[in-house]
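**Student:** Take this sequence and fold it.
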Amino acid sequence: MDHAADAQKLTSGKIILVLPTAADEAEAAAYQAEHTAHGEAWLHGSGGLARMPYREWLALSLGNMRPETVQPGLVPATTFFARRAEDGKFIGMIQVRHILNEYLLQYGGHIGYGVRPSERRKGYATQMLRLALQYCVGLGLRHVLVTCDRDNLGSSRTIRACGGILENEVMEENGELLQRYWITL
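**Tutor:** Numbers count the residues shown, from 1 in each chain. So this is what the prediction gives:
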């Protein structure tokens, strides 16, 4: 199955998930800057966008969609930009990992996502996660692991709203507690 072709655009309600393109560079930079201004150095669901120039990240992200071109040490994954349907505003990012390695099974899960600070608490994360779960069905996944920090109540509510069942909590290397939720598709 060609997941890249299947992933061109996913739509539901107020959100559209699209693959990133070179034309999105300025919006991705503004998204990153907004997180930085809010004291957030890590961009959840970005596949490392904050650690490299956009063009390099884009090539890596698109290459990681296929098992034959995924970077060593990583798993095949699809990263989407989430846009508001009514006006196309860049709302967030979500990454679907097609399989789990040992680290992802323990800590990262199948899906990571983030919403820009100015657009939180508007239901976008739930719609993004629901669309990503639809994509997971197309990948043949039947059980999906989604994790969040124990103190991230918004993410915990989002995961539960999408059917997440808490399996357990594990201690991360930084000493924080991480919740592990399974969603049956």
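**Student:** Please enumerate the helices of the chain.
**Tutor:** Listed in chain order, the helices of the chain (DSSP state H) span 3-6, 25-37, 54-63, 102-103, 124-139, 153-161.
**Student:** What residues are bridge-paired with the residue nearest to Ala30 when sequence neighbours are not counted?
**Tutor:** Of all residues not flanking Ala30 in the chain, Phe90 sits nearest, at 7.3 Å (CB to CB, 6 or more residues apart in numbering). Where C-beta positions appear, they are placed from N, C-alpha and C, glycine not excepted. Counting by DSSP bridges, Phe90 is bridged to Arg83.
**Student:** Pull the number of nearby residues for Phe90.
**Tutor:** Applying other CB atoms under 10 Å, we find 19 residues neighbouring Phe90.
**Student:** In contact with it, which residues are there?
**Tutor:** Counting by CB atoms under 8 Å, 6 or more residues apart in numbering, Phe90 touches Asp24, Glu27, Ala28, Ala30, Tyr31, Phe81, Ala82, Arg83, Arg116.
**Student:** most surrounded residue in those residues?
**Tutor:** Going by other CB under 10 Å, Ala82 tops the contacts of Phe90 with 28 neighbours.
**Student:** I figured that one hits Ile91, correct?
**Tutor:** Yes: using CB atoms under 8 Å, Ala82 is in contact with Ile91, at 4.6 Å.
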